[in-house]
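Undergrad: Here is a sequence with its predicted model. Questions after.
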2 protein chains.
Amino acid sequence: MAPSTTPDTRRRILLTAMELFAAKGYGSTSVSDILSRSQANSGSLYHFFPGKQDVLIGVLEMYRDGIQEMLLDPAWRGVEDPVERVFALLAAYRGMLLESECLYGCPIGSLALEIHEPDPPVRELLAQNFTNWTTAIQGCLNEAGLPGGVDRKGLAEFILTTMEGAVMQARTHREIGYFDRSIEQLRQHMALLTQRALA
Amino acid sequence: MAPSTTPDTRRRILLTAMELFAAKGYGSTSVSDILSRSQANSGSLYHFFPGKQDVLIGVLEMYRDGIQEMLLDPAWRGVEDPVERVFALLAAYRGMLLESECLYGCPIGSLALEIHEPDPPVRELLAQNFTNWTTAIQGCLNEAGLPGGVDRKGLAEFILTTMEGAVMQARTHREIGYFDRSIEQLRQHMALLTQRALA
DNA sequence: GCTTCACTTGAACGATCGTTCAAGCGACCC
DNA sequence: GGGTCGCTTGAACGATCGTTCAAGTGAAGC
């Protein structure tokens, strides 16, 4: 649609907001923060977005629509085994924690807990992001040779639960060990689930 | 007013702030919110607290010092079995979710993820709250007849991880089922850990 | 050349934020 | 009675918030 020469202000604003929301949260990021970091003027922002919340909606849509390219593809590059892919994704979050000295983990989880009374479209997008995540994991679990009795959807949700809880503790203690130990427990759990059928 | 009871403005401010921080978060709670709901004046608040952040510190200290009376004692009333106590505590969080139609879960977890760059005293208090929680759970696990090889500290942290992640998903989806399914996975995990030694 | 229109510019707005402070109150000690 | 002091009162402050808008730009269609 837009020629390559256009500055693509809308996208620049969204990418900046994505970065700032992840780093400082939604409430602590001011519109003028977004404007100065994205080199845009308030009039431009309000030309594309009715208000600040609609910038958040745009960011959550980017996460939702980009989960494959932005998250799964990089995490799963060179990893074929479906169970390994589960832990490769978790390792990607570990990497984000390490890069930021345990400051930033999962941007969706942070926003989900920060925004206490979200308007319906925001809540819905947060939920969609979680659902897409667990659906991707469920795909791995389906490929994996799990015993028949295992509840794949429940286990996929549990893996998200573990990631979010582990990120929260690692961030709070500023210590990656809290993340690692929870992941290790999850690994044990999945091993026991697999092994139970063999016994 | 009631002359027999001391006004105890400081405590009234803290209890109000505790309530508001849990309901709206720290950033979205204004000082004037606290003042009007606690029937205090700004001068009184700033007489007791250097600033808003010190109110948060006071609230986190209340949570830390009151974990036994406010959280564990009510949850464990009439429950003696140590493993049952673990799930009774989790059931207490389930109750908070239900009472609020899946809006409020764990106030510490919400604050931990909302406050992205906490000053050291705040971060330290959040970490202390988590540590006290896992230490209490570890006490249960020590009493329980777990096989010798089980990592009690790691498992206690994993139980907190599960609670926080499960609360996050239930809140985001506004559906208690997301909480329940993660707890069920945890129950399986603990059952498998116990049973493995018997096999 | 003129019009149209998507987009940009940036000053300005009212609201609300956290915070300050001079003044006042009242219980207790001298 | 006078003085001290912990606590209260509430108006006021400057800063910053999200948002508005009138004016301007420039490419495309006629």
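TA: Thanks, I have it. Numbers count the residues shown, from 1 in each chain, chains lettered A, B, ... in the order given.
Undergrad: What is the burial count for the residue of chain A found nearest DNA strand C?
TA: Of the residues in chain A, the one nearest DNA strand C is A:Gly43, at a distance of 2.0 Å by CB to the nearest atom of the strand. For glycine as for every other residue, the C-beta is placed from the backbone atoms N, C-alpha and C. Residues near A:Gly43, counting by other CB atoms under 10 Å in any protein chain shown, number 8.
Undergrad: next structured bit after the host helix or strand of it?
TA: Secondary structure assignment for A:Gly43, by DSSP states H and E: helix A:42-48. Using DSSP H and E, the next helix or strand after helix A:42-48 towards the C-terminus is helix A:52-65.
Undergrad: How about that following helix and DNA strand D, any contact?
TA: Yes - on the criterion CB under 7 Å from any atom of the strand, helix A:52-65 is in touch with DNA strand D at A:Lys52, A:Gln53.
Undergrad: Check the offset of that helix from the chain's centre.
TA: On the basis of CA atoms, centre = their mean, to the nearest Å, helix A:52-65 sits 13 Å off its chain's mean C-alpha point.
Undergrad: residues of the next helix or strand along the chain from it that come out buried?
TA: Following helix A:52-65 in sequence order, the next helix or strand is helix A:73-76 (DSSP H and E). Buried positions in helix A:73-76, judged by neighbour count with 16 or more other CB atoms under 10 Å in any protein chain shown: A:Ala75, A:Trp76.
Undergrad: same check, this time on stretch A:18-38
TA: Neighbour counts over stretch A:18-38 (16+ other CB under 10 Å) mark A:18-29, A:31, A:34-35, A:37-38 as buried.
Undergrad: Out of these, name the ones that lie in strands.
TA: Here DSSP state E is the test, and those give no hits in strands at all.
Undergrad: ok, and of these, which contact chain B?
TA: A:Ala23, A:Lys24, A:Gly25, A:Gly27, A:Ser28 (CB under 8 Å from any CB of the partner chain).
Undergrad: pLDDT and distance to B:Asp119 added to those residues, as a markdown table?
TA: Listed next are these as a markdown table, based on pLDDT from 0 to 100; distance: CB to CB, whole Å:
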| residue | pLDDT | distance to B:Asp119 |
| --- | --- | --- |
| A:Ala23 | 96 | 17 |
| A:Lys24 | 95 | 15 |
| A:Gly25 | 97 | 15 |
| A:Gly27 | 97 | 17 |
| A:Ser28 | 96 | 14 |
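Undergrad: quick one: which of these is nearest B:Leu111?
TA: Looking at those and their distance to B:Leu111, the nearest is A:Gly25, at 11.7 Å (CB to CB).
Undergrad: Relative to DNA strand D, how far out is that closest one?
TA: Per CB to the nearest atom of the strand, to the nearest Å, A:Gly25 is found 11 Å from DNA strand D.
Undergrad: quick one, what contacts that residue?
TA: Counting by CB atoms under 8 Å, 6 or more residues apart in numbering or on different chains, A:Gly25 makes contact with A:Ser110, A:Leu111, A:Glu114, B:Gly27, B:Glu114, B:His116.
Undergrad: I'd say A:Ala88 and A:Glu80 touch.
TA: No - if you go by CB atoms under 8 Å, A:Ala88 and A:Glu80 don't touch, sitting 10.2 Å apart.
Undergrad: The two: who's more crowded?
TA: A:Ala88 (18 against 8).
Undergrad: What does the more buried one show for phi and psi?
TA: As for A:Ala88, its main-chain torsions (degrees, to the nearest 10) stand at phi -70, psi -40.
Undergrad: Need the pLDDT of it.
TA: With respect to pLDDT, A:Ala88 has a value of 98.
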